[in-house]
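>>> structure of the sequence below:
(2 chains)
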Amino acid sequence: MLHETVLCLLVVGIFSLFRTRENYDFWLSFFLTAFVTLVFAFFLMDWHVLGSDAFKTFILDRSQSENIKLDIISSKQNYILIFPFFINTLLALFNNLIFKYEKHRKNMLSLFVFNLISFIMLICANNFIQLMTFVFIIDIFSQLLIFNSSASKRYSIYNLVADMGLFLVLAMLHGKLINLDVGNISHYYETGHHRDFIMFVIMISLSIKFGLFLFQGYWLDLKSAKFHTLYFLPYLSTPMAALILFIKFYPLLVVSPSFSPLLNIIVILSMIWGSVCAVLNPQIKEKFVYCNMLSIAFLIKLVEKADFMWNMAFSNILICLFVFNLCLYYLHYEMDREHGKNKTAIFTVLCAFMIDLSCLSATLSSLLTKQNMFWIIFFAVLFLFVLASLFVFVSPKLQDKTASLDSSFRTISVMGLATLSLVYFSYPFFAYYWQTCFVLAVFVLLSRLHPMKFIKLSDSFYAHLQHIDLITLLYNKCITEPLKHAGVLFNILIDFIFLERTLYPIVSSFNGFVIKSYRHAARLGFLYYLFGTLLGVLLFICFFYG
Amino acid sequence: MSIELMLIILLPLLGSLFVMSAKDNLLQTFKNAEQAALLVILVNIALIFYLFLSLSPRDIQNGFVAQYSWHFIGIFDFSFGADVLSLMFVFGCQIAMFLGVLGIRREQQNQKQILVYSLIYLSLLNGYFFALDMMSFYMCFAAQLFPLYMLIGFSLTERQHKLLVRLSLHHFLGAMLLLASCIFIFSLKQNDVLLVTLDKLHLSYRKSIFVWGGLFLAFILRMPVWPFHHATTAVWGALKNPLTFLALHVLPLSGIYGFMRCWPLNIPFEISVLTPLFQALCILTMVFAAFGSYAYINAGNKLSNYIFVYDLLYFLAVFLPTDVIRLNISYSVFSFLLITSCLVVLQAHVFRESIRLNVGIKSILSDMPRARIAYCLFVLAALGLPVSAFFWNNFLIVSEIFNFHLYVGIIVVLCITLAGVSLLQNMYVLKDENSSCPDLSDVKDIDFTTFFVMMGVAFLLLLSLVKPLWFII
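Next up, the predicted model:
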């Protein structure tokens, strides 16, 4: 069951924290990765033999308001949701093992494993405390993984704001429901109000965490982080935590009439902006960020159209997108750092890329046909166009540096298609053969025709746009600077002008006047005591008799 | 049981006598004095643990685990007692002072005098938190101001003494108002009154205004609520000594404790009509402090404004017409004291080093591995690392505020967020590895003992989820 899986992973995580000699780092990581793979095998076995839902609850603390519990619920739905994260973590672990420049394999392994445990606990969360705790913990793991203060600064600030938004919503819910159970949030509207406000706060918080349009700035800062950690972040950290929250909070979202238009606006803007920037941007890391922004926005819309019910198709999409990131990264790495010497590696990566892309297109076509979403098909084509542009961005380098690969590209495509056919036969999920073939053909055509030639014409325009940096300018002018000015203004107006220069001098002058008066009166001795006594008696009479 | 209680109150006083009798101007003298002070606080911590262990689940809600009465000049019975509420405050203060004593190791001036007065202050603070009757409560309330002013006086320059005068006027006025209320109650009852029976007093309209108004103003003058906030925050900004800063930091919390102990659940109607006004003032101050923390560049001001925001959150919480979250407030205050004490000590160390080396504070933590780890951990805890009692009790407090007033709750969360963001920005300024900065190879890290104690505090925070000491109560 899931609690046993968590326990095994916890053992691996704790074991990998122990300090050992550097020589043993690889082999220990190897054995621990093998152990995690074994745990995954048992996870799959448990999933297939699972009958009814199994609950495991640990009471952490008995509080006056409510007991603090840690729930691990082994249900089919949770298994389906955990599956892509487990697979992606395993891929990350394998990558960690084979990546020769990684010096601290064991530390990375512990981070990946603890991150996976946090995801499992987040998916199983049945109370607010568990939910918020693991969202925060995932944020902290992400920051540890970035390990670069200039890259993680905006990342942590944005996520803190998003987390406080969620904190606000949960505090409101708890205030009305007097209950920490996540299952009860659907009853909120029986006692509470402000459905638009709650939806708006959740959507803004989640958009920040997803890194959607207007909130992608902190993702762009990650370009100063190492690339071999960058591939991990979009599909195994905060955006995915936001996706899980998106699914869990749907009863709060769908009751607001503004939800659907708002989501459509955010998603469309993110897709358009993501695709334009992914195509136009000359930097691979920024292309990478924009492409992920586009794909995550697309995934959110798909989940919403599926009535927030997670299924295997979504799991497949997540895995495909992660593999796509990994392939792009490897292609970039092989070309830039290894100067294209290892042709076998490049060839393998390209094959993996093709297979991954065909799986993605097959899954997408099946989903889109089921949901009958014509406008989304447009974005699906756009999405693939961006993928193709990314590929094209890398392929000129391939052609320059390894001439033999240019001629073998057709072979690669054929091999990819052949592998795809094999996948179709062995995997009955891909039922929409023709649609997939069409999408794949579009991709191959786009790749071969090199439709991105016009990009070169827009280089100067893009450079100008980069120079202006519109989004940062917008943030600085609309949020940061007004806040700072408001703070300074408050400081000057209230502290300096009102208190220091007005109130205190008045009080001080009055005080001086009273002291002077009393000093004058005191010189008269008898009159002073008489005046004082009369004043006291007068106050006493006024107080008791009005 | 009573002997432990008396020991907790009197041990710091005895310790101060020991420190006072030490010779001046010797390095060894300070070492002895420091060790004596640390030992006294450690014994107190052990005694508090012992008292916590003797608590039964029934006592947690409303029971005094230890009581002590001292018959004094015929009519006064000085009564002291410990319950979870007071023990939490006392325990938090001991740890804060312990960290403060560790924090002044490298201070150059008046170390011995500061130690003497801080121990006297601690003793009176313990007495204040344990007081059960009105007279002993007042005496400790007023008497703790004397060592506090001495502490502040040692830490301020000649030109800054004006700030101290302003602060002392505020506090003196508060003490006088509490004295007036005490005498009034005493004249009505012809006897000393226990704090728990205060809400059962039957007073006429004018008398209730006098008594409750006096009590209210006495406690509120300790709080940094607008327009009284400037006196406190100005001194906070000027203080560089961590022990003195922490001593002053406890003062608003003692005001909150006063409200928790004396303020009736059902506020008299005469006062309750003014509650929205006080709430508005409180919110106004909170917004002001949050913006202030964001606007200031100075790291010290950012931290003091952060503390300021949380003080006001607790103040708002004690005014809610419910006693459900009373324990949550004390749990949160305990964790808050632990976190802020560590941050104050670390920040004081950073400032001291930057002055010693004549460099800015930017990137200074990059060459202090121990201080960097501790600082990052405590900033995370201060922001709301949810694996601590600080975060979850604040969650319950804020949800209760939401329950009573939506807009107040929203502003509170916004202020907390803004204060947290400014603290986070400050952390990145201190630990930024990429910025170009002068040679920091001579910079000294925090000593191992301080680091070890801080990690112990972090572990204590990590163990907690809602109840900070769940493993003993």
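>>> let me know the helix or strand that residue B:128 is in.
helix B:111-130 (DSSP states H and E).
>>> what packs against that helix?
On a contact count with 3 or more C-beta pairs under 8 Å, 6 or more residues apart in numbering or on different chains; DSSP states H and E, helix B:111-130 meets helix B:2-20, helix B:27-53, strand B:76-82, helix B:84-103, helix B:134-143, helix B:145-155, helix B:242-262. From N, CA and C alone the C-beta is placed, and that goes for glycine too.
>>> just put those in a markdown table and tack on mean pLDDT, distance to residue B:395 and mean neighbour count.
Converted to a markdown table, these look like this (pLDDT from 0 to 100; distance: least, C-beta to C-beta, whole Å; neighbours: other C-beta atoms under 10 Å in any protein chain shown):
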| stretch | mean pLDDT | distance to residue B:395 | mean neighbour count |
| --- | --- | --- | --- |
| helix B:2-20 | 86 | 31 | 19 |
| helix B:27-53 | 84 | 24 | 17 |
| strand B:76-82 | 78 | 27 | 21 |
| helix B:84-103 | 91 | 18 | 25 |
| helix B:134-143 | 88 | 31 | 22 |
| helix B:145-155 | 88 | 33 | 20 |
| helix B:242-262 | 89 | 18 | 24 |
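>>> got a markdown table for those, with distance to chain A too?
Formatted as a markdown table, the helices and strands packed on helix B:111-130 follow (distance: least, C-beta to the nearest C-beta, whole Å):
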| stretch | distance to chain A |
| --- | --- |
| helix B:2-20 | 25 |
| helix B:27-53 | 16 |
| strand B:76-82 | 19 |
| helix B:84-103 | 11 |
| helix B:134-143 | 21 |
| helix B:145-155 | 19 |
| helix B:242-262 | 15 |
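>>> for residue 193, grab the count of nearby residues.
Went with chain A since none was named. Residues contacting residue A:193 under the criterion other C-beta atoms under 10 Å in any protein chain shown number 11.
>>> sorry, should have said chain B
Neighbours around residue B:193, by other C-beta under 10 Å: 18.
>>> mind listing what's buried in the helix or strand containing residue A:276?
Element membership for residue A:276 (DSSP H and E) is helix A:259-280. By neighbour count with 16 or more other C-beta atoms under 10 Å in any protein chain shown, helix A:259-280 contains the buried residues A:259, A:262-263, A:266-267, A:270-271, A:273-275, A:277-280.
>>> coming back round to it: so what's the gap between the helix holding residue B:128 and the chain middle?
Centre-to-centre, helix B:111-130 and its host chain are 13 Å apart (C-alpha atoms, centre = their mean, to the nearest Å).
>>> can you check stretch B:311-321 too?
Using C-alpha atoms, centre = their mean, the offset of stretch B:311-321 from its chain centre is 15 Å.
>>> that stretch near chain A at all?
No - shown here: stretch B:311-321 not in contact with chain A (C-beta under 8 Å from any C-beta of the partner chain), separated by at least 11.0 Å.
>>> got the CA coordinates for that stretch in PDB?
Output of stretch B:311-321 as PDB, limited to C-alpha atoms (Å, rounded to 0.1, in the frame of the first residue of the first chain):
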ATOM      1  CA  ASP B 311       2.800  42.100  17.900                       C
ATOM      2  CA  LEU B 312      -0.300  43.700  16.400                       C
ATOM      3  CA  LEU B 313      -1.600  40.400  15.100                       C
ATOM      4  CA  TYR B 314      -1.600  39.000  18.600                       C
ATOM      5  CA  PHE B 315      -3.100  42.200  19.900                       C
ATOM      6  CA  LEU B 316      -6.000  41.900  17.400                       C
ATOM      7  CA  ALA B 317      -6.400  38.200  18.400                       C
ATOM      8  CA  VAL B 318      -6.700  38.900  22.100                       C
ATOM      9  CA  PHE B 319      -9.500  41.300  21.300                       C
ATOM     10  CA  LEU B 320     -11.600  38.700  19.600                       C
ATOM     11  CA  PRO B 321     -14.700  37.800  21.700                       C
END
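>>> cool, thanks, signing off.
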